[in-house]
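Engineer: Only the shape, not the letters, is given here:
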């Protein structure tokens, strides 16, 4: 197939969100020295406006759905779902950042620009239909987030987080790239649709590539993406990075790059590698179970709340992998729904942590939440909603997410994975309950006594995701229907 | 408006409004909670009036789609069993509000809000006809109870609350797996539809499959009941909970388990239920005797009542698994009786605690001298609890024992030991607390009942007498529904229930069939 290097107006519309993000990200960098002295909140406002505009762009692009740039991008419901998701994650990251950065005297354009670049990369990843584009998106997103993790230059932990994330991350990206190379070598294309056709023996060459190469390629990509979503056994980095990174950044890392990587995961494994599903299913099965179990049991023992949330996010990656193991359209839709619910509840929980952490992030222990219910009932109530959702109590998005995932798994006859996964979620209840216990059943401690009143940004960062979590729990149909419709388009 | 929906909506609205009541006005919270719970009770009083006693199955149905994919409905209805359980819940909630009027002094607003949310969850469990909706209510009721125990409980409240939550959660996730599995087989969550599929033979399970599904459901219910040896959370939760928490826990929440067994386990998985019945009966009898023996040696009143619950609930489970009409009727009746009489016992223990600030039996003695009316009311409740004729528990225990005797005479003998033991531990406790020399401390602390407390005590005692003297008011709809359950358990099972001496009460049900 001769490549089409030209592009037209529709292609540009389909690329609108990334364009907006890249331009504005660059602008923020330029404006940094100009605006810095005058109003430090300006960067926040500007990046909020950028993200809102990008959401508009993503929705507008969806009205012109279709492939762009010779099939390198695929703007469909699936891509739009994840584009909007990562953009919303961005907004919810910036809201608590205002106060957080002001508290540490660190409001710069650089922070926001990096965040916007990272989101641009993710937005590109989720719309990619070509392994090279995936790789470019992945790198844009990753490099920006490596820097973000180390944003507090003078903080040892932040440095450690950045270095660890960078070293392990680039290692994993290399694995991914090897996989891409193998696919190109054996199918002659990096386009997912073409690769799928080649694997099915309908490619232009007419020959079926050796299954062993395809299998190895799938395994290598699994390693690369498994790292990005922090699935076991590639989860080692997550607790250290989440603990060391500034809290809003940790919140962002636990939701944005994860959602984007899962989108790529779904796109690649449900299209190109779908024909060899039987071969990779056991791998993902094992990884799902291991992630849930390691995540939940390790979280039981944490005293630092950011580490605990890191392990919990590993466990949640495990739940999403269960949906992947189901290898069905229902499973894909379930994973999409879950990622949306997870992003809201996890970012919300991190927002509460960043509110309480105080100057220099002194208060990070679970004990520091004691008595929050008495001193700041609103913060405590919102955090309770997020925690109950993370446990999976009905009428929250987390519950429906789990429900859809395990329903998909049972429909694919994964009985044991379902039972073990559900038992895992009962184990998980214990460590989330510990925070509830601290907030409501203990007297206020030093951290809570010193907590400042909620700022407007934080209030929004808590209330908006809480409303979203409840809406997803009571009327899941709205999001789920869109997810199901889009899941059909993946191939 | 659909009556069950109204009964469900009132506490929910009550909860939401209670959140808006300003924190500075605890009195406002109390009055609001009382008003809304009384309104709910009043609405539920209309239930028996409009309930058609000739219909065995669910009625007053409201079925509207809630979520399109998967097909989940808001589907509520009442049958002859849930009718009384709903009334029990709405009857006890205002009582709990009154009991907590003075004893809850900190975070009053949250307390009453949680109490109303709890009522919403409990009523919902009994009304839901959609398996998914049932699970939602099942879990929703867990959260307020967790907070009630954990925030307003006694010293070891946190341990008790977490243990309670984790035990229940573990059981219910297994049930969730089974519910989803049923959905993948039938493409519906509608309980009546699934029963219909099974009954008409269009849905059959392989024996192993049915057994696993049965066990998954049963695990959730057995933990809630609780059946020996899964009962360990119960004494902790009861002892540590505030009075209202103990009352709601013992009187209504435990019934969720037995109701679930009766309503779901038997009709959905009849052969597995019958296969397991002998084993479960053994556990039930162990529970009856063990609960009674442990209750006997308790130095703490609340713990004593808690273990007596284990024993009494054993009767309920025994009755259900006799697969006889009388056993089932007795089990349901015993569920209601236990709700009233054990609820009353917890109320009284709470009243004593408010006065003397101790739950230890040894701190009392001679209370009858100091507070004669309190002693009299407690005595009536004690006698009801040990199954004195003309009081409520007698009817239920009698029916259960007769059902057990029909199914297997030995079961009845062993279970009867529990009745005897219950007289021992209850009367012994009564003697030690109320008789004997009155100490100075007791004389000073323990006052007699106040008008507010009379308002709590009189309805409870009136119910004990009414249910003991004229069970005809309650049993016929129960009987009709349990007869249908019994019929449903015959599906695919060549099993004949032999009723040699048709008893007086269920005879009407037999005729109706």
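Structural biologist: Perfect, I can see it now. All values derive from a computational prediction rather than experimental measurement.
Engineer: gap between residue B:214 and chain A?
Structural biologist: 15 Å (CB to the nearest CB, to the nearest Å). Glycine gets a C-beta too; all of them are placed from N, C-alpha and C.
Engineer: An error on my part: the question was meant for residue B:51.
Structural biologist: Using CB to the nearest CB, one gets 28 Å for the distance from residue B:51 to chain A.
Engineer: just residue B:266 next, same as before
Structural biologist: Distance from residue B:266 to chain A, by CB to the nearest CB: 23 Å.
Engineer: pLDDT wise, what is residue A:141 at?
Structural biologist: The score at residue A:141 is 93. That number is its pLDDT.
Engineer: same for the longest strand anywhere in chain B, what does it pack against?
Structural biologist: The single longest strand within chain B, with elements called by DSSP state E, is strand B:59-67. Taking 3 or more CB pairs under 8 Å, 6 or more residues apart in numbering or on different chains; DSSP states H and E as the contact definition, the neighbouring helices and strands of strand B:59-67 are helix B:3-20, strand B:72-78.
Engineer: Ranking those by mean neighbour count, which comes first?
Structural biologist: Most buried of those by mean neighbour count (mean count of other CB atoms under 10 Å in any protein chain shown) is strand B:72-78; its value is a mean of 23.
Engineer: tell me the secondary structure for residue A:189?
Structural biologist: Going by DSSP: H, G, I helix; E, B strand; the rest coil, the secondary structure assigned to residue A:189 is coil.
Engineer: For chain B, give me its nearest residue in the stretch 151-300 of chain A.
Structural biologist: Proximity to chain B, evaluated over the stretch 151-300 of chain A using CB to the nearest CB, is greatest for residue A:300 at 11.5 Å.
Engineer: which non-adjacent residue is nearest that residue?
Structural biologist: Closest residue to residue A:300 in three dimensions, ignoring its sequence neighbours and counting by CB to CB, 6 or more residues apart in numbering or on different chains: residue A:431, at 5.3 Å.
Engineer: wait, what's in contact with that neighbour?
Structural biologist: Taking CB atoms under 8 Å, 6 or more residues apart in numbering or on different chains as the definition of contact, the neighbours of residue A:431 are A:296, A:299, A:300, A:302, A:308, A:312.
Engineer: can you check residue B:129 too?
Structural biologist: Contacts for residue B:129 (CB under 8 Å, 6+ apart) come out as B:58, B:61, B:63, B:75, B:76, B:77, B:190, B:191, B:192.
Engineer: Could you list the low-confidence segments of the chain?
Structural biologist: You didn't pick a chain, so chain A it is. A:1-6, A:36-39, A:203-206, A:489-491 (pLDDT under 70).
Engineer: wrong one, chain B
Structural biologist: Low-confidence regions of chain B, defined by pLDDT under 70, span residues B:491-513.
Engineer: Which positions in it make contact with chain A?
Structural biologist: Among all residues of chain B, those adjacent to chain A (criterion: CB under 8 Å from any CB of the partner chain) are B:23, B:67-70, B:107, B:135-136, B:139-140, B:142-143, B:146-147, B:150-151, B:157-158, B:161-162, B:165-166, B:169-170, B:173-174, B:176-177, B:180-181, B:183-184.
Engineer: Next, the buried residues of stretch A:153-164.
Structural biologist: Residues of stretch A:153-164 classed as buried by neighbour count (16 or more other CB atoms under 10 Å in any protein chain shown): A:155, A:158, A:160, A:161, A:162, A:163, A:164.
Engineer: Which is the succeeding secondary structure element to the helix or strand that contains the second one?
Structural biologist: Just to be clear, that refers to residue A:158. Under the criterion of DSSP states H and E, residue A:158 resides in helix A:156-187. Where DSSP H and E defines the elements, the next helix or strand beyond helix A:156-187 is helix A:192-199.
Engineer: Could you give the number of residues near residue A:24?
Structural biologist: Around residue A:24 sit 23 other residues, with neighbours defined as other CB atoms under 10 Å in any protein chain shown.
Engineer: For residue 412, give me its contacts.
Structural biologist: This is for chain A. Residue A:412 makes contact with A:325, A:326, A:327, A:328, A:331, according to CB under 8 Å, 6+ apart.
Engineer: Can you look at chain B instead?
Structural biologist: Residues touching residue B:412, when contacts are defined by CB under 8 Å, 6+ apart, comprise B:401, B:402, B:404, B:405.
Engineer: any idea which of the contacts of residue A:431 has the most stuff around it?
Structural biologist: residue A:308 (27 neighbours).
Engineer: Could you say which helix or strand holds the residue of the stretch 301-450 of chain B found nearest chain A?
Structural biologist: Ranked by CB to the nearest CB, the top residue of the stretch 301-450 of chain B for proximity to chain A is residue B:302, at 19.6 Å. Using DSSP H and E, the secondary-structure element containing residue B:302 is helix B:301-320.
Engineer: can you give me how far that helix is from the chain middle?
Structural biologist: On the basis of CA atoms, centre = their mean, to the nearest Å, the separation between the geometric centre of helix B:301-320 and that of its chain is 11 Å.
Engineer: Tell me what angle the next helix or strand after it forms with helix B:301-320.
Structural biologist: If you walk from helix B:301-320 toward the C-terminus, the next helix or strand you reach (DSSP H and E) is helix B:325-356. With axes from the mean of the first three to the mean of the last three CA atoms, to 10 degrees defining the directions, helix B:325-356 sits at 170 degrees from helix B:301-320.
Engineer: Do a quick rundown of the helices in the stretch 351-500 of chain B.
Structural biologist: Under the criterion DSSP state H, counting those that start in this stretch, helices of the stretch 351-500 of chain B are mapped to B:367-370, B:372-385, B:392-407, B:409-434, B:440-445, B:451-469, B:475-488.
Engineer: Only the buried residues of the fourth one, if you could.
Structural biologist: Judged by neighbour count using 16+ other CB under 10 Å, the buried positions of helix B:409-434 are B:411-412, B:414-415, B:418-419, B:421-423, B:425-426, B:429-430, B:432-434.
Engineer: can you check stretch B:372-390 too?
Structural biologist: For stretch B:372-390, by 16+ other CB under 10 Å, it's B:374-375, B:377-378, B:380-388.
Engineer: Show residues contacting that stretch.
Structural biologist: The contact list for stretch B:372-390 (CB under 8 Å, 6+ apart) reads B:308, B:312, B:337, B:340-342, B:344-345, B:348, B:351-352, B:367-368, B:391-394, B:397-398, B:419, B:422-423, B:426-427, B:429-430, B:434, B:446, B:448-449, B:457, B:460-461, B:464-465, B:468-469.
Engineer: For ChimeraX, what selects the buried ones among the residues you listed?
Structural biologist: The following ChimeraX selection, which keeps only the buried ones among these, applies the criterion 16+ other CB under 10 Å:
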select /B:308,312,337,340,341,342,344,345,348,351,352,367,368,391,392,393,394,397,398,419,422,423,426,429,430,434,446,449,457,460,461,464,468
